[in-house]
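[1] just need the structure, nothing else, for what follows:
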Amino acid sequence: MSGSPATAAIATDRLLDAGEAKCGELLLMMHRAMKIMQPGEVLDVAAYSAGNILDVPAWCRLTGHSLLAIEPGEPAHFFIRKKKG
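    Model prediction:
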């Protein structure tokens, strides 16, 4: 991933290639990925479904994980820091 200057500076610990997964399936995939990560680690979620631009930020607000940045494109990348504790 080439990334924009803003997202290129974000160090990620894990990549989740969600492909064409939509809301429910994507959220379950992110939940499973976060379960095995340590607090403070960053997940890069690559997703092709257009609806995810709304779903991922909402999931972050509901779960308390921090959405650091969104890089639009095909796929879009969502950079999420796992909450502490």
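[2] and for residue 32, the neighbour number?
    Neighbour count for residue 32, taken as other Cβ atoms under 10 Å: 10. Bear in mind the C-beta positions are built from the backbone N, C-alpha and C, glycine included.
[3] same question, the one 4 residues further on
    A count of neighbours around residue 36, defined by other Cβ under 10 Å, yields 8.
[4] show me the shaky parts of the chain.
    1-7 (pLDDT under 70).
[5] mind doing that once more with 80?
    Judged by pLDDT under 80, the chain has its weakly predicted residues at 1-8, 85.
[6] residue 17 pairs with what?
    residue 46 (DSSP bridges).
[7] isn't it up against residue 46?
    Yes - using Cβ atoms under 8 Å, residue 17 makes contact with residue 46 at a distance of 5.0 Å.
[8] neighbour-wise, which of these two wins?
    Of the pair residue 17 and residue 46, residue 46 is the one with more neighbours under other Cβ under 10 Å, namely 17 against 12.
[9] could you check how far the more buried one is from residue 72?
    Look at residue 46 and residue 72: by Cβ to Cβ, to the nearest Å, they are 12 Å apart.
[10] do the same with residue 11
    Distance from residue 11 to residue 72, by Cβ to Cβ: 21 Å.
[11] picking that back up, what's the overlap in contacts for residue 17 and residue 46?
    Residues touching both residue 17 and residue 46 (Cβ atoms under 8 Å, 6 or more residues apart in numbering): residue 75.
[12] show me where the chain has its strands.
    For the chain, strands defined by DSSP state E occupy the ranges 14-19, 42-47, 66-71, 76-81.
[13] and the third one, what does it pack onto?
    Yep, that's strand 66-71 we're talking about. Here strand 66-71 touches helix 5-8, helix 52-63, strand 76-81, going by 3 or more Cβ pairs under 8 Å, 6 or more residues apart in numbering; DSSP states H and E.
[14] export these to JSON lines and tack on mean neighbour count?
    Output for the helices and strands packed on strand 66-71, formatted as JSON lines (neighbours: other Cβ atoms under 10 Å):
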{"stretch": "helix 5-8", "mean neighbour count": "12"}
{"stretch": "helix 52-63", "mean neighbour count": "16"}
{"stretch": "strand 76-81", "mean neighbour count": "22"}
